[in-house]
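> Please find the sequence and the predicted model below.
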Amino acid sequence: MEKISTFKGVAAPLKRSNVDTDQIIPAVYLKRITKTGFEDGLFANWRQQEPDFVLNQPIYQNAEVLIAGPDFGTGSSREHAVWALRDFGFKAVFSSKFADIFRGNSGKQGLVTGVISDADTEAIWSVIDANPGIEAKVDLPNQTLSVGEITVKFDIDEYTKWRLMEGLDDIGITLQNEAAIAAYEAKRESWKPRTLPAKGV
Amino acid sequence: MTPKPLTLAEKLWNDHLVVKGENGAPDLLYIDLHLIHEVTSPQAFDGLRLAGRDIRRKDLTIATEDHNTPTVDIHLPIAEPTSRAQVQALRDNTKEFGVRIHSLGDKNQGIVHVVGPQLGLTMPGLTIVCGDSHTSTHGAFGSLAMGIGTSEVEHVLATQTLPLKPFKTMAINVEGTLRPGVTAKDIILAVIAKISTGGGQGYVLEYRGSAIRSLSMEGRMTICNMSIEAGARAGMVAPDEITFEYLKGRPHAPEGADWDAAVEYWRTLKTDEGAVFDKEVFIDADQLDPFVTWGTNPGQGVSLLDAVPNPDSIADPNERAAAERALEYMDLRPGTKMKDIAVDTVFLGSCTNARIEDLRVAADIIKGRKKADGVRMMVVPGSQKVRLQAEAEGLDKVFKEFGAEWRFAGCSMCLGMNPDQLAPGERAASTSNRNFEGRQGKGARTHLVSPVVAAATAVRGKLSSPADLES
Ligand code: SF4
C-alpha cells in the first residue's frame, strides 16, 4: 500500500445519512472475481436513477474526498464497499459517525476515514456549495481537513493512522515478523506434509 | 515445577506460535496446510497481484474445484457463466502462481474436505485452513483446522501465517455404545440440538469419550465437519491407533523414520490429565436414536421416533417464533410423526457424508430392495477417487439397480451452486450439513439425516431407519 501523508483532492458532498453498504455497492456487483474494477458499482442505484446525484455531476467525476452525513457504511461486512470507493478514486471519507466494520475494512485498504463533527460537516458543505469543485486538503499527520478558509480537526485511531502513514496492510504488518516466520520454518519437522512434489496423482 | 496440564487445542496453539501478541494484539500462528477452492480464492489471488506479492509456500498449498462443478457431463463446458468464470479463474490463478490443482476429471478432484484426508495431507498436529467454514472436518485427525475469509486466504498465501485471538475450549464427552442404526451423524445432530446453533461460539470443541474413540475416521470427520453448525470455530478428536491406521500408506503420509517420529509426537497430542476446559457437555450414547431435523437450522432436530414438536411447548419466545416460522416454511404440522413425513428426493453426498464408508453403508441397506415410487435418489461421491473406489467395489451397480442417479464428485445439492437443486416446495432427506431456507434450491425443504436413514428413506419413501424395513 502507498504511504499516506498529506494530499489534496476535489471534495464531494454526500448529503445523506445512514448510507449503508447496500447503497455503497448493491449486491449484484458482488459476483466478480477481481479485487478491482468496482467503481461502476459505487452508489450504482443513485447514479443510475438520480440524474442530479452528486457523483453524476461532471465537476465531481474526479472527486477524491467524500464528505458524508452521519452513520456511513452501516449494514453488511462486505469489503467490496471499500473497494468501490477506492476504485472510483476516493482516498478519504469524512463523516460524524462510521460503522465499525466498514471503518476497519477501510483502514486495511488504505482509505482514510476521519470523524468530524456534524457542525463541521455542515460548514464544509456550505463552502463546497459556494465553490463547487473546490479541493480539500487532508493532513493525516496533523489530523486536519481544510476546505477553503475552514480547517477542522478529525479523529482517527492511532493504530490505523500509523498503518496508513507507514503504508502497511495486515500482510505488510505480518511480514515485519519475517525473521520469526523464517525461524519457525527452519524448525519444520520432516514428517509434516508438503503438497509438492505431488504424490498420488 | 510440573508444567500446567493443557488441552489438545492449547497444545496445538502453542506448537504453532510464531509471535505472541502483546498489548491486545493477536498471536501470529504458522499454517501447515492451506486448501483452496474456486469460490473464496479469486480476490485473494487478485490481491496478491495488486500488491506484487508471491505465494510464500506453494508446497503447503493445494487447490481443487468443487462448489460449482457439474456432476453429469463433466466433459462439457460449465453452462452457468458465473460458475464457469470462478472455475476458470482458479485454473488461471493456480497456473500463474504455480499451485497444485486437481481439476474436474482428475481422480483427486472433489470436495476440498474429502480430498485433503484422502491424499494423506491432513494429519495430526497440523494447523489447516481453507476459505470454507467446513474446514473443521480436518480436526478429526487431531489438527487445528479452521475456516477463514477471503482476506485471510490472501494473508496465508502471502505469509503462511494468520493473526488469531485465542479461543475458549469445550469438551463434548460422548460415553457409551451406539445402538445399531445410530451413527456419527446422529451424535453431532444431538450435540447441536443440545448446545444450540450458537452454543459453540468462540470455542474449539474437543469430542471425547468411548463413543468417539470407537468411531472410524469417516465418522469422526462427520462429527468435526458439523462443529461449525454449533457456531464453533473448530472441532477436534485426539489422534489414536485408528487415526494412524487410516493414514498409513496414503500418498503424502510420512514414511520410514519420519513415520516413526511422527507417531511418537502424535501420541502426545491429547488433553493432559487434569487440564481444565472452559465448558463441558455430556452426551449419553446408549440413549441416542437416529436423529433428523424438522426445521430450518441444524439445531431443530428430534429423534426419528418422535414427532414434529409443538412450538407452544417452547419456553424461549425467540425460539418459539423461529420454530413457528420453520414449520410454516417446512409445511409441517406439530404432532406429525417424523416417520410419516414423505420426501421427494434423497441426497447422499456432501463433505459431511460422501466418503467411501458412507456409500458402503447406504448401498448395504438398499441392496436387493426397491426404491419407493416417485422418490428420486442422487448419489454424489465426495471425490472422484471415492467414485472410482465405489465402482471397484460394485457399489455403483447397487445404486443404479436401485434406481438412484450415480453422479460425479462435487458439492452438488449440498448448496446447489451447480444445477443440482431442488424445485420450490420439494422435500429432501439429505446427508449434508445445512437445512437453511433455500439452501438446496429456492423454496426447497431439507431434512438432515445420516446415510443409513437416507438409504432407508429411499426405500420407504418416508423418513425411516433401517429397522423400519425389516417388518
Ligand atoms: S459439500 Fe457443502 S458444506 Fe461441504 S464444502 Fe461443499 S458446499 Fe460446503
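Alright, I've got the coordinates.
> alpha carbons only for contacts and neighbour counts from here, please
OK.
> Phi first, then psi, for the nearest residue to residue A:139 once chain neighbours are set aside.
Excluding the flanking residues, the one nearest residue A:139 by Cα to Cα, 6 or more residues apart in numbering or on different chains is residue A:6, at 4.4 Å. Dihedral angles of residue A:6 (phi, psi; degrees, to the nearest 10) stand at phi -120, psi 140.
> In contact with residue A:6: list those residues for me.
A:137-141 (Cα atoms under 8 Å, 6 or more residues apart in numbering or on different chains).
> Looking at those, state which has the most neighbours.
residue A:138 (26 neighbours; other Cα atoms under 10 Å in any protein chain shown).
> Flag every buried residue along the helix or strand bottoming out on mean pLDDT in chain A.
Using mean pLDDT, DSSP states H and E, the weakest-scoring helix or strand in chain A turns out to be helix A:100-108, at a mean of 88. Residues A:101-108 are the ones in helix A:100-108 that count as buried (16 or more other Cα atoms under 10 Å in any protein chain shown).
> Residues of chain A that sit close to chain B?
With Cα under 8 Å from any Cα of the partner chain as the criterion, chain A comes near chain B at residues A:1, A:31, A:33-35, A:170-171, A:174-175, A:177, A:180-181, A:184, A:190-201.
> Please identify the residues of the stretch 151-300 of chain B in proximity to the ligand?
Within the stretch 151-300 of chain B, no position is near the ligand by Cα under 6 Å from any ligand atom.
> got the residues of the stretch 151-300 of chain B near chain A?
B:155, B:158-159, B:161, B:163, B:251-255, B:258-259, B:261-262.
> tell me the two of those residues that are most distant?
Pairwise distances among those were taken by Cα to Cα; the largest, 32.2 Å, belongs to B:163 and B:255.
> who's more crowded, the two?
residue B:163 (22 against 15).
> in the sheet, who's paired with the closest residue to that one other than its chain neighbours?
Take residue B:163 and drop its neighbours on the chain: the residue closest to it by Cα to Cα, 6+ apart is residue B:28, 4.4 Å away. On the basis of DSSP bridges, residue B:28 is bridged to residue B:19, residue B:163.
> Contacts only, for residue B:28.
Counting by Cα under 8 Å, 6+ apart, residue B:28 has contacts A:174, B:17-21, B:161-164.
> how does it look with 7 Å?
Residue B:28 makes contact with B:17-21, B:161-164, according to Cα atoms under 7 Å, 6 or more residues apart in numbering or on different chains.
> I'd like the distance between it and the ligand.
26 Å (Cα to the nearest ligand atom, to the nearest Å).
> Kindly report the same for residue B:271.
28 Å.
> who touches whichever strand or helix holds residue B:428?
Secondary structure from DSSP states H and E places residue B:428 in strand B:427-430. Strand B:427-430 is contacted by residues B:343-348, B:444-449, B:454 when judged by Cα under 7 Å, 6+ apart.
> Stretch B:243-251 now?
By Cα under 7 Å, 6+ apart, the residues outside stretch B:243-251 that reach it are A:199-200, B:119-120, B:141, B:217, B:253.
> Filter the residues you listed down to the buried ones, ChimeraX style.
Selecting only the buried entries of the contacts of stretch B:243-251 in ChimeraX, with 16+ other Cα under 10 Å as the criterion:
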select /B:119,120,141,217,253
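> picking that back up, filter the contacts of residue B:28 down to the buried ones.
Buried among the contacts of residue B:28 by 16+ other Cα under 10 Å: B:17-19, B:161-163.
> Of those residues, which is the nearest to residue B:208?
residue B:17 (25.1 Å).
> Report the contact partners of that closest one.
Contacts of residue B:17 (Cα under 7 Å, 6+ apart): B:28-30.
> Output those as JSON lines; include the columns distance to residue A:80 and pLDDT.
Below are those laid out as JSON lines (distance: Cα to Cα, whole Å; pLDDT from 0 to 100):
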{"residue": "B:28", "distance to residue A:80": "26", "pLDDT": "97"}
{"residue": "B:29", "distance to residue A:80": "27", "pLDDT": "98"}
{"residue": "B:30", "distance to residue A:80": "28", "pLDDT": "98"}
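> between these, which is closest to residue B:233?
residue B:29 (15.2 Å).
> Residue B:218 falls within a helix, correct?
Yes - assigned with DSSP: H, G, I helix; E, B strand; the rest coil, residue B:218 falls within a helix.
> how much space between it and residue A:23?
45 Å (Cα to Cα, to the nearest Å).
> What of residue B:48?
28 Å.
> And the helix or strand hosting residue B:320, what does it pack against?
Element membership for residue B:320 (DSSP H and E) is helix B:317-330. Of the remaining helices and strands, none touches helix B:317-330 by 3 or more Cα pairs under 7 Å, 6 or more residues apart in numbering or on different chains; DSSP states H and E.
> what distance separates it from the middle of the whole chain?
Distance, stretch centre to chain centre, for helix B:317-330: 26 Å (Cα atoms, centre = their mean, to the nearest Å).
> Stretch B:214-226 now?
Put simply, stretch B:214-226 sits 9 Å off its chain's centre (Cα atoms, centre = their mean).
> Please save the CA atoms from that stretch in PDB.
Only the C-alpha atoms of stretch B:214-226 are listed here, as PDB (Å, rounded to 0.1, in the frame of the first residue of the first chain):
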ATOM      1  CA  SER B 214     -14.900 -46.300  18.800                       C
ATOM      2  CA  LEU B 215     -15.800 -44.300  15.600                       C
ATOM      3  CA  SER B 216     -13.900 -44.700  12.300                       C
ATOM      4  CA  MET B 217     -12.100 -41.700  10.800                       C
ATOM      5  CA  GLU B 218     -15.100 -41.200   8.500                       C
ATOM      6  CA  GLY B 219     -17.400 -41.000  11.500                       C
ATOM      7  CA  ARG B 220     -15.100 -38.600  13.300                       C
ATOM      8  CA  MET B 221     -14.900 -36.400  10.200                       C
ATOM      9  CA  THR B 222     -18.700 -36.300  10.000                       C
ATOM     10  CA  ILE B 223     -18.800 -35.000  13.600                       C
ATOM     11  CA  CYS B 224     -16.000 -32.500  13.300                       C
ATOM     12  CA  ASN B 225     -17.500 -31.300  10.000                       C
ATOM     13  CA  MET B 226     -20.600 -30.000  11.700                       C
END
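> pretty sure residue B:220 is in contact with residue B:140, am I right?
Yes - using Cα atoms under 7 Å, residue B:220 makes contact with residue B:140 at a distance of 5.3 Å.
> Neighbour count: those two, which is higher?
residue B:140 (31 against 26).
> Need the per-residue pLDDT for the more buried one.
With respect to pLDDT, residue B:140 scores 98.
> Neighbours of residue A:119, how many?
For residue A:119, using other Cα under 10 Å, the count is 10.
> Also the one 3 residues further on?
Residue A:122 has 16 neighbours, counted by other Cα under 10 Å.
> Quick one, grab the pLDDT at it.
The model's pLDDT for residue A:122 equals 97.
> so is it in a helix, a strand, or just coil?
Here residue A:122 takes the helix state, with states given by three-state DSSP.
> Roughly how far does it sit from residue A:46?
In terms of Cα to Cα, residue A:122 sits 22 Å off from residue A:46.
> And residue B:345, by the same measure?
44 Å.
> Comparing the two, which residue is more hemmed in?
Legend: neighbour count by other Cα under 10 Å for residue B:345 and residue A:46, higher for residue B:345 (22 against 16).
> my read: that one touches residue B:379, true?
No - counting by Cα under 7 Å, residue B:345 does not reach residue B:379; the two are 10.8 Å apart.
> per-residue confidence at the residue in chain A positioned nearest to the ligand?
For chain A and the ligand, the shortest gap (Cα to the nearest ligand atom) falls at residue A:31, measuring 17.1 Å. Model confidence at residue A:31, given as pLDDT, is 82.
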